[in-house]
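Participant: sequence first, then the predicted structure, then my questions.
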Amino acid sequence: MHQVNEKKIGDVILDMQSISLSFGGVKALTNISFNVKEHEIRSIIGPNGAGKSSMLNVINGVYTPQEGSIVFDNKNFDKMSPRRAAEMGIARTFQNLALFKGMSVLDNIMSGRNLRMKSGLLSQAFRIFGAEKEEIQHREYVENIIDFLEIQAYRKTPVGRLPYGLQKRVDLGRALAMEPRLLLLDEPMAGMNIEEKQDMSRFILDVNDEFGTTIVLIEHDMGVVMDISDRVVVLDYGKKIGDGTPAEVRTNEDVIRAYLGVEH
Ligand SMILES: Nc1ncnc2c1ncn2[C@@H]1O[C@H](COP(=O)(O)OP(=O)(O)OP(=O)(O)O)[C@@H](O)[C@H]1O
């Protein structure tokens, strides 16, 4: 069971202020504000088309909102770019997995480490200027992630040969290799069976606990969301209709009407 009370929630690390985003005539997000505090697990839920993926893409700079601003780590961004987001320590996993299927588990997770590597390819090739030492340190970090995610047995296996649930775990490992301050998880349980969902829930809680990583996730499985989240934002038709602890959101009339009462 998730012990929310024992957690040390910190100051606001991400503040989304009056975000509006449209695609042509389609208003994907309308004037949405919410914040995320350090060390929180913060979920964004809502029916299909509510704007969850759009919001995640605004946070990591893939979409630029027409209105509003993003404050991350006390710095204000009218425009966030994917590169800047990555440099600031925002990492994400993808609903449709962004892995190299023919490459091993080890190499895939190592690929998440690239941004952290100081020595360029040339010096790595010639093993000069401490590149070899740096490479060893990065490998150690990646091996720790592999142990942590309990995928040692598959280190050398091409990712494409693994069952889907394990591929999702490797994708999480790739994001963790960036040592993110903020980890965005795009439907981490999608397509999983109950056992795989339980495993993934445990890993998300452990990442949050042991690495201290702040997590924002979007997810359809309400049971999982209510179980692991500290606070939840509820979107409907691009508008925010609820924001609070799982207990608060569960009893919010608008939320019940829009989301909980219907099958998704
Ligand atoms: N790139 C795009 N171009 C045009 N319209 C888009 C684009 N991305 C999203 N939309 C529209 O914006 C609205 C919000 O979509 P979004 O994918 O953010 O919702 P969602 O809550 O993530 O939905 P789902 O749960 O189905 O993934 C929808 O009406 C969608 O059709």
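Facilitator: Structure received. Numbers count the residues shown, from 1 in each chain.

Participant: per-residue confidence averaged over stretch 85-102?
Facilitator: Computed over stretch 85-102, the mean pLDDT rounds to 86.

Participant: just for this structure, where's the confidence low?
Facilitator: Within the chain, the stretches falling below the threshold (pLDDT under 70) are 1-6, 96-97, 115-131, 259-264.

Participant: that one: strands as residue ranges?
Facilitator: Per DSSP state E, the chain has strands spanning 12-23, 26-37, 41-45, 67-72, 75-77, 90-92, 182-186, 214-218, 231-236, 239-244. These are given in chain order.

Participant: need those in TSV (columns: distance to the ligand and mean neighbour count).
Facilitator: Using the backbone N, CA and C atoms, a C-beta is placed for each residue, glycine as well. As requested, the strands of the chain are arranged in TSV below (distance: least, Cβ to the nearest ligand atom, whole Å; neighbours: other Cβ atoms under 10 Å):
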stretch	distance to the ligand	mean neighbour count
strand 12-23	3	18
strand 26-37	3	18
strand 41-45	8	25
strand 67-72	15	18
strand 75-77	20	11
strand 90-92	14	24
strand 182-186	9	24
strand 214-218	7	25
strand 231-236	7	24
strand 239-244	11	19
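
Participant: got a list of what the residue nearest to the spatial centre of the chain touches?
Facilitator: With distances taken as Cα atoms, centre = their mean, the residue of the chain nearest its centroid is Leu184 (1.7 Å). Applying Cβ atoms under 8 Å, 6 or more residues apart in numbering to Leu184 gives the contacts 56, 59-60, 90-93, 215-217.

Participant: if you skip the residues just before and after it, what's nearest to it?
Facilitator: In space, not counting the residues next to it along the chain, Leu184 is nearest to Arg92; the distance is 3.8 Å by Cβ to Cβ, 6 or more residues apart in numbering.

Participant: please parse this structure into its domains.
Facilitator: The chain resolves into domains spanning 1-89+182-187+214-264, 94-179 when parsed by automatic domain parsing.

Participant: name the nearest of the contacts of Leu184 relative to Met16.
Facilitator: Nearest to Met16 out of the contacts of Leu184 is Ile59 (Cβ to Cβ; 7.2 Å).

Participant: need the residues of this structure near the ligand, please.
Facilitator: Applying the criterion Cβ under 6 Å from any ligand atom, the portion of the chain that neighbours the ligand consists of 23, 26, 28, 46, 48-54.

Participant: how about the helices in the stretch 1-150 of the chain?
Facilitator: Residue ranges of the helices in the stretch 1-150 of the chain, as given by DSSP state H, counting those that start in this stretch, are 52-59, 82-87, 105-111, 121-126, 131-148.

Participant: distance of the residue nearest to the centre of the chain relative to Lys240?
Facilitator: As for Leu184, its distance to Lys240 is 18 Å (criterion: Cβ to Cβ, to the nearest Å).

Participant: how about Leu172?
Facilitator: For Leu172, the distance to Lys240 (Cβ to Cβ) stands at 27 Å.

Participant: show residues contacting stretch 53-73.
Facilitator: With Cβ under 8 Å, 6+ apart as the contact definition, stretch 53-73 has outside contacts at 12-22, 28-29, 31-33, 44, 76-86, 88, 90, 92, 95, 181-182, 184, 186, 216, 218, 235, 238.

Participant: if we can go back for a sec, could I get the helices of the stretch 1-150 of the chain as JSON lines with mean neighbour count?
Facilitator: Rendered in JSON lines, the data for the helices of the stretch 1-150 of the chain read as follows (neighbours: other Cβ atoms under 10 Å):
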{"stretch": "helix 52-59", "mean neighbour count": "22"}
{"stretch": "helix 82-87", "mean neighbour count": "15"}
{"stretch": "helix 105-111", "mean neighbour count": "22"}
{"stretch": "helix 121-126", "mean neighbour count": "12"}
{"stretch": "helix 131-148", "mean neighbour count": "15"}
